[in-house]
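Engineer: I would like the atomic coordinates for the input below:
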Amino acid sequence: MELKLECSNVKLEKAKIPQIYLLNANCNGISLTMDVHEELNIFENAERITLQILSEKPTCTSNDFCGYGYIFSKKNLDDRIVVLISIGGFIVRLEGKTNTLKDLPIMEKVYVKVTPIK
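Structural biologist: Okay, here's the model as predicted:
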């Protein structure tokens, strides 16, 4: 399984939780919200990002955010699908009308790779 999305309109804002930022982006009709700890924040000044959800461990560099977690929730809300992935308690939320998200299996271990494009 591999899902690769090109994302734009990247915004980084402080969350209410200390030392946590929220990364928001639009990924071809899928909205992304992701928790990012300030010590792992590589997204300052990023205008675009590439998001990959993979079943196999990817090759990562110091320019990538990489982690693994589990898809712990997938819900249909009217005409949208919401998928939640937990990476050690940090949440990646994907929401969209696309059928791309329906193929992500619940309780599946996945690797998340996010690459900023500056």
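
Engineer: rest of the way, CA atoms for contacts and neighbours
Structural biologist: Noted.

Engineer: helix or strand for the residue nearest the centre of the chain, just tell me which one.
Structural biologist: The chain has residue 92 as the residue nearest its centroid, 4.5 Å off, counting by Cα atoms, centre = their mean. Secondary-structure assignment from DSSP states H and E places residue 92 in strand 90-96.

Engineer: helix or strand right after that strand?
Structural biologist: Secondary structure here is assigned by DSSP H and E; on that basis, the next helix or strand after strand 90-96 toward the C-terminus is strand 109-117.

Engineer: and that next one, how far from the chain's centre?
Structural biologist: Relative to the mean C-alpha coordinate of its chain, strand 109-117 is positioned 7 Å out (Cα atoms, centre = their mean, to the nearest Å).

Engineer: for the residue nearest to the centre of the chain, give me the pLDDT.
Structural biologist: Among the per-residue scores, residue 92 holds a pLDDT of 96.

Engineer: now it. Nearest residue, chain neighbours left out?
Structural biologist: Ranked by Cα to Cα, 6 or more residues apart in numbering and with sequence neighbours excluded, the top spatial neighbour of residue 92 is residue 34, at 4.4 Å.

Engineer: wait, that neighbour sits on residue 23?
Structural biologist: Yes: counting by Cα atoms under 8 Å, residue 34 touches residue 23, with 5.0 Å between them.

Engineer: mind listing what's buried in the strand holding residue 92?
Structural biologist: 91-96 (16 or more other Cα atoms under 10 Å).
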